[in-house]
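Participant: Here's a sequence, model it:
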Amino acid sequence: MKIIEMRIKKTILFLGVVLSFFMLTNCQEAQVAQKPNVLLICVDDLRPELKSFGAEYISSPNIDAFAAKGVAFHNHFVNAPSCGPSRYTLLTGQYGPVGNNALFLRSEKIVKGTEDIDKSMPEWFRANGYTTVSVGKVSHHPGGRGGKVWADSSKIEMPNAWDKHLMPVAEWEHPKGAMHGLANGEIRESRATMDIFQTVEGDDHLYPDGAIADEALKQLRELASNEDKPFFLAVGIIKPHLPFGAPKSYYDRYEGVDLPAIQHPEKPKGKTTWHGSGEFMGYNRWGKNPNKDADFADDVRRHYAACVSYADAQVGKVLAELKRTGADKNTIVVLWGDHGWHLGEHAIWGKHSLFEESLHSPLIIHYPGMKKTGAKADAVVETVDIFPTLCDLAGIEIPVYAYGESMKKILVDPNTEGHTAIAYTRKASTIRTSTHRMTLHKDGFVELYDHTSAEKETKNIAKEYPELVEELKQILNTKLN
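Facilitator: You can find the predicted model right below:
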């Protein structure tokens, strides 16, 4: 009888071990099968003015800490020097129209149904089983809607893309008001009546990004609580977009700080894509011109820096919440600046040119299991590369219509070479290699600059190197066509 009992106990023990093994195996298989989440953080008008990108005077501790965990692309270039067309390339993986209405033009075609339109990046992830949510300024209009105050739900900027597309406006009344808002609900009626910058005592909720960050944390908690479905969460921070307003505590960080000299501050000679900084100059500047008043120029730069630090704080809140939820262990995180911004270089205060300052923006990527943390990549890459890269990292098919190249090889080995990057406006297009920039105007005029020289983009050498010009023209035309 005892022998039978012992055999029964051994059988039960054996079955328990087998059951435990299958449960563990199935759990591991479920974990392996679970696609990684995606957190995309977009920051408006952010040039590489970050300590981790070499701007030593800038206080950007949260983004710098993120750069120390991921790979920072120091030669990332956007495909258009303004918000709308740049975000079009990010969200579609394709070169597109040049205006801020680029995504709305695409939307009109989708609504009419007259032609097949390729799926956008969030729509592609949604089709692959992801819950997709946007908060803040991800497409050109914060919240992704059109109409007079950008709040008309019948006019969607990106149809079929988001399960939720949210824009908390707090006291700024509507998305358009928040986009160009200053402290305590001040809405821009016209540029001329709104100050170009300000500092106000108070906390982060003085400006719209405080509300955007709060909503992002709320959505992150909800998404992370559903472990059965991966999420694609995009968060768009508005600052440092004009007007330059941030709580005074951020401006105070720059009291007494020596600012670096403005590089090549003179208006360029000859034909270029220089412009008169109309967006900037249209605000109330108290009769001052930063190209003629060095003290005013420094004050503008300090207020831009304050906005960078304020944006950095919002990024820090989102990344901290991601970690608190535990979802960070299975989340790909991308931080992207939608284009650069001139702070007096070439006597420009703004974007919209095809000089380096308008097109150069920060890009940082981290993914679970990354080996080369804290690395700096010097490879030239462009914004259209982000869509295929996220697909590659998430283990989903890269759509054939995505123009860019996956950066996964560079993330694995940051010494890997990149490729050329292009950008365009209505009047010209440009191509950037690791050593040169060539800009081709619609009338055939060419600018060529050597980035290995001290002159960089101040000396046009196109006439001296006709063979290089022809080679770059061919590459540029091939990529655009």
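Participant: alpha carbons only for contacts and neighbour counts from here, please
Facilitator: OK.
Participant: how about the residue nearest to I461 when sequence neighbours are not counted, secondary structure?
Facilitator: Distances taken as Cα to Cα, 6 or more residues apart in numbering put L448 closest to I461, at 5.4 Å, once the chain neighbours are dropped. Under DSSP: H, G, I helix; E, B strand; the rest coil, L448 falls in the strand class.
Participant: Could you double-check that L448 lies in contact with V469?
Facilitator: Yes. Taking contacts as Cα atoms under 8 Å, L448 lies within contact range of V469: 7.4 Å.
Participant: before we move on, back to that, state the number of residues packed around the residue nearest to I461.
Facilitator: When neighbours are counted by other Cα atoms under 10 Å, L448 registers 27.
Participant: Return the set of residues that bridge with it.
Facilitator: Beta bridges link L448 to M438 when assigned by DSSP bridges.
Participant: tell me the contacts of it?
Facilitator: Applying Cα atoms under 8 Å, 6 or more residues apart in numbering to L448 gives the contacts 436-439, 459-462, 469.
Participant: And those residues, which is closest to A151?
Facilitator: T439 (37.9 Å; Cα to Cα).
Participant: Does that closest one touch S429 like I think?
Facilitator: Yes. Judged on Cα under 8 Å, T439 makes contact with S429 at a distance of 5.7 Å.
Participant: joint contacts of those two?
Facilitator: Counting by Cα under 8 Å, 6+ apart, the contacts common to T439 and S429 are L354.
Participant: Settle it for me: which of those two has more neighbours?
Facilitator: T439 (28 against 23).
Participant: Over to stretch 233-253 now: how far is its first residue from its last?
Facilitator: For stretch 233-253, the first-to-last residue distance is 31 Å (Cα to Cα, to the nearest Å).
Participant: follow-up on the earlier one: how far away is the residue nearest to I461 from G418?
Facilitator: 20 Å.
Participant: Ok, G316 next?
Facilitator: In terms of Cα to Cα, G316 sits 29 Å off from G418.
Participant: ok, the closest residue to H180 other than its chain neighbours - contacts?
Facilitator: In this structure, H180 finds its nearest non-sequential neighbour in R188, 5.9 Å apart by Cα to Cα, 6+ apart. R188 sits next to 177, 180-181, 194 when contact means Cα under 8 Å, 6+ apart.
Participant: can we see that at 10 Å?
Facilitator: Residues near R188 by Cα atoms under 10 Å, 6 or more residues apart in numbering: 172, 176-182, 194-195, 243, 283.
Participant: same deal with E464?
Facilitator: L448.
Participant: was I right about G350 contacting P290?
Facilitator: No. With contact defined as Cα atoms under 10 Å, G350 and P290 do not form a contacting pair (11.9 Å).
Participant: so where's the stretch 351-481 of the chain uncertain?
Facilitator: For the stretch 351-481 of the chain, applying pLDDT under 70 flags no range at all.
Participant: tell me, how many neighbours does T193 end up with?
Facilitator: 12.
Participant: beta partners for the residue nearest the centre of the chain?
Facilitator: Nearest to the mean C-alpha position of the chain, by Cα atoms, centre = their mean, lies W336 at 2.5 Å. Per DSSP bridges, the residues bridged to W336 are C42, L363.
Participant: any idea how far it is from H360?
Facilitator: In this view, W336 and H360 are 11 Å apart by Cα to Cα.
Participant: do E255 as well
Facilitator: The gap separating E255 from H360 is 27 Å, by Cα to Cα.
Participant: what's the answer for N184, then?
Facilitator: From N184 across to H360, the span is 32 Å (Cα to Cα).
Participant: More neighbours: which of these two?
Facilitator: H360 (25 against 15).
Participant: Now do the helices in the protein.
Facilitator: Ranges of helices within the chain are 2-33, 61-67, 83-92, 102-112, 121-127, 175-179, 208-225, 248-251, 278-281, 294-325, 356-359, 386-394, 408-412, 466-480, based on DSSP state H.
Participant: So which of the ones you listed is nearest D378?
Facilitator: helix 408-412 (9.5 Å).
Participant: sorry, back to before: can you list residues touching both of G350 and P290?
Facilitator: Contacts common to G350 and P290, judged by Cα under 10 Å, 6+ apart, are 281, 343-344.
Participant: Throw those into JSON lines and include pLDDT, thanks.
Facilitator: Formatted as JSON lines, those follow (pLDDT from 0 to 100):
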{"residue": "M281", "pLDDT": "98"}
{"residue": "L343", "pLDDT": "98"}
{"residue": "G344", "pLDDT": "98"}
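Participant: Nearest to I386 among these?
Facilitator: Looking across the shared contacts of G350 and P290 and measuring by Cα to Cα, the closest to I386 is L343, at 26.7 Å.
Participant: Surely that closest one and D299 touch.
Facilitator: No. Judged on Cα under 10 Å, L343 makes no contact with D299 at a distance of 11.1 Å.
Participant: Counting neighbours, go ahead and name the busier of the two.
Facilitator: For the pair L343 and D299, the greater number of neighbours falls to L343 (24 against 14), based on other Cα under 10 Å.
Participant: What sits closest to that one if chain neighbours are left out?
Facilitator: Distance criterion Cα to Cα, 6+ apart; nearest residue to L343, sequence neighbours excluded, is W349 at 5.2 Å.
Participant: Give me the number of neighbouring residues for the one you found.
Facilitator: By the criterion of other Cα under 10 Å, W349 has 24 neighbours.
Participant: roughly how far apart are it and Y283?
Facilitator: Between W349 and Y283 the distance is 12 Å, computed by Cα to Cα.
Participant: what about E173, distance to G210?
Facilitator: Per Cα to Cα, E173 is found 15 Å from G210.
Participant: What degree of burial does G99 show, as a neighbour count?
Facilitator: Residues lying near G99 (other Cα under 10 Å) number 18.
Participant: cool, K248 as well?
Facilitator: 18.
Participant: What separation is there between it and H346?
Facilitator: Taken as Cα to Cα, the span from K248 to H346 is 29 Å.
Participant: My read is that K459 contacts R437, right?
Facilitator: No. Look at K459 against R437 with Cα under 10 Å: they stay out of range, at 11.3 Å.
Participant: Please say which of those two ends up with more neighbours.
Facilitator: The residue with more neighbours, out of K459 and R437, is R437; 25 against 16, by other Cα under 10 Å.
Participant: Not counting sequence-adjacent ones, nearest residue to that one?
Facilitator: In space, R437 is closest to Y449, 5.2 Å off (Cα to Cα, 6+ apart).
Participant: Just name the shakiest helix or strand of the chain by mean pLDDT.
Facilitator: Among the helices and strands of the chain, helix 2-33 carries the lowest confidence by mean pLDDT, DSSP states H and E, at a mean of 44.
Participant: Tell me how many other residues crowd D413.
Facilitator: Residues lying near D413 (other Cα under 10 Å) number 15.
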